[in-house]
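> Sharing a model prediction with you, sequence too.
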Amino acid sequence: MGLFNFDVRRFDIYRKVPKDLTQPTLTGAVISICCILFMLLLFTSELIHFLSGEIVSDLYVDNPGVSTERIPVYIKISLPRLKCDHIGLDIQDDLAVTKWDLFENTVKNPLGDDGCILKQIS
């Protein structure tokens, strides 16, 4: 019998306070006004900051000191669900020059049963 008297309304997280228990107070009004003014200040300052955006365009050319045409790239990729037989390495630069199946200075090491680690050796 106790199970059937269970009231689901006890789980209501949006409970309503009866109107006869609510009273406006001076403290509540001051806190409400301060909060509204603070939100307006934040909104206004963010809007001004957004509208006064500054576009900056900089270009820096790196001078490595030693005249090399290639930028050194070091990789170590773990592919835990791909066999080493299915891995290829293609490199393309910003001038759309592509090198297919580039494996110089790289090794493929099996990882467990199905995976593979592709890494560059020195």
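Arrived safely, thanks for sending.
> Just say helix, strand or coil for the spatially most central residue of the chain.
Centroid-nearest residue in the chain, with C-alpha atoms, centre = their mean: I77, separated by 20.8 Å. Judged by DSSP: H, G, I helix; E, B strand; the rest coil, the three-state class of I77 is strand.
> okay, it: pLDDT?
We have a pLDDT of 86 for I77.
> Hmm, it is touching L111, no?
No - between I77 and L111 there is no contact under C-beta atoms under 8 Å: 10.6 Å. Where C-beta positions appear, they are placed from N, C-alpha and C, glycine not excepted.
> residue contacts, C84?
With contacts defined as C-beta atoms under 8 Å, 6 or more residues apart in numbering, the neighbours of C84 are K108, N109, P110, C116, L118.
> Flag the helix or strand of the protein with the lowest per-element mean pLDDT.
Between all helices and strands in the chain, the lowest mean by mean pLDDT, DSSP states H and E belongs to strand 98-99, at a mean of 70.
> okay, and the common contacts of I77 and L111?
Among the neighbours of I77, those also in contact with L111 (C-beta under 8 Å, 6+ apart) are I117.
> K108 belongs to a strand, doesn't it?
Yes - counting by three-state DSSP, K108 is found in a strand.
> close enough to count as contact, it and I87?
Yes - at 6.1 Å, K108 counts as touching I87 under the criterion of C-beta under 8 Å.
> what residues are shared contacts of those two?
Taking C-beta under 8 Å, 6+ apart as the contact criterion, the residues that touch both K108 and I87 are C116, L118.
> Give me the contact list for stretch 50-59.
In contact with stretch 50-59 (C-beta under 8 Å, 6+ apart) are no residues whatsoever.
> From the chain's centroid, how far away is it?
On the basis of C-alpha atoms, centre = their mean, to the nearest Å, stretch 50-59 sits 23 Å off its chain's mean C-alpha point.
> Same question for stretch 44-54.
Here the centre of stretch 44-54 is set off from its chain's centre by 24 Å, with C-alpha atoms, centre = their mean.
> Locate V30 within the secondary structure: which element?
V30 belongs to helix 26-51 when assigned by DSSP states H and E.
> Relative to the whole chain's centre, how far out is that helix?
Worked out by C-alpha atoms, centre = their mean, helix 26-51 lies 29 Å from the chain centre.
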